[in-house]
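Engineer: below are the sequence and a predicted model; questions follow.
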Amino acid sequence: MGRIGFALTLAGAVALLTGCYPEPVACPAIARATGVSLTVAATYAGDVGSLRLKACQDGSCTGKELVLHPGSVAVDQGCSPEGVCSATSSPDGTLQGFMELQALSEAPMQATVSGTSAAGAALPMRTLTFTPKGDYPFGEQCGRIITAAVVLDAAGLRQG
């Protein structure tokens, strides 16, 4: 075998060997806010004026008056023949709030919500003990994301 044959054989072997290793997968470069999200159900949103959330986990408690924003859902607008797809945001009647925490684990958490009605009267205090959820939405190579979400309606507080 001449030098050219040896070089081609070596190049082929290198190509085969490097093809056996998985390519690194890029993870989304998004900031992750650690905290508790609260959704006020559309059927109850008109009754709510202001809300305060207190969350306790692992012996540490944080409380905050929530800034409430109108919630929305994504509405599919379909795809073009070229394969370009789009969606738009549409108000859904809910209210959304978020309280940032220093840390969040999958240990049980107690959330307490209090507040005032749109007319200024006190709303019933609601408490829920729940376990935040951990998942790998971008694959295991991108790390575990833990989320804590609750929903408030006239019946009380439940995990979202």
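Structural biologist: Perfect, I can see it now. Residues are numbered from 1 along each chain as shown.

Engineer: what is the helix or strand hosting residue 95 packed up against?
Structural biologist: For residue 95, the element it lies in under DSSP states H and E is strand 85-100. Contacts defined by 3 or more C-beta pairs under 8 Å, 6 or more residues apart in numbering; DSSP states H and E place strand 85-100 against strand 35-40, helix 42-45, strand 48-57, strand 69-79. Where you see a C-beta, it was placed from the backbone N, CA and C, and this is true even at glycine.

Engineer: what residues of the next helix or strand after that strand count as buried?
Structural biologist: Using DSSP H and E, the helix or strand that follows strand 85-100 towards the C-terminus is strand 109-117. Along strand 109-117, these residues count as buried under the neighbour rule (16 or more other C-beta atoms under 10 Å): 109, 111, 112, 113, 114, 115.

Engineer: check the offset of stretch 110-117 from the chain's centre.
Structural biologist: 21 Å (C-alpha atoms, centre = their mean, to the nearest Å).

Engineer: if you compare the helices and strands packed on strand 85-100, which one is most tucked away?
Structural biologist: Mean neighbour counts were compared across the helices and strands packed on strand 85-100 using mean count of other C-beta atoms under 10 Å; the top stretch is strand 35-40, at a mean of 22.

Engineer: where in the chain is pLDDT low?
Structural biologist: Across the chain, the ranges flagged by pLDDT under 70 are 1-25.

Engineer: surely residue 124 is within a strand?
Structural biologist: No: assessed by DSSP: H, G, I helix; E, B strand; the rest coil, residue 124 does not belong to a strand; its assignment is coil.

Engineer: what's the local residue count around it?
Structural biologist: 9 (other C-beta atoms under 10 Å).

Engineer: got it, and residue 95?
Structural biologist: Residues near residue 95, counting by other C-beta under 10 Å: 20.

Engineer: any idea how far it lies from residue 114?
Structural biologist: 15 Å (C-beta to C-beta, to the nearest Å).

Engineer: cool, residue 44 as well?
Structural biologist: Distance from residue 44 to residue 114, by C-beta to C-beta: 14 Å.

Engineer: before we move on, what about residue 99?
Structural biologist: For residue 99 relative to residue 114 (C-beta to C-beta), the value is 13 Å.
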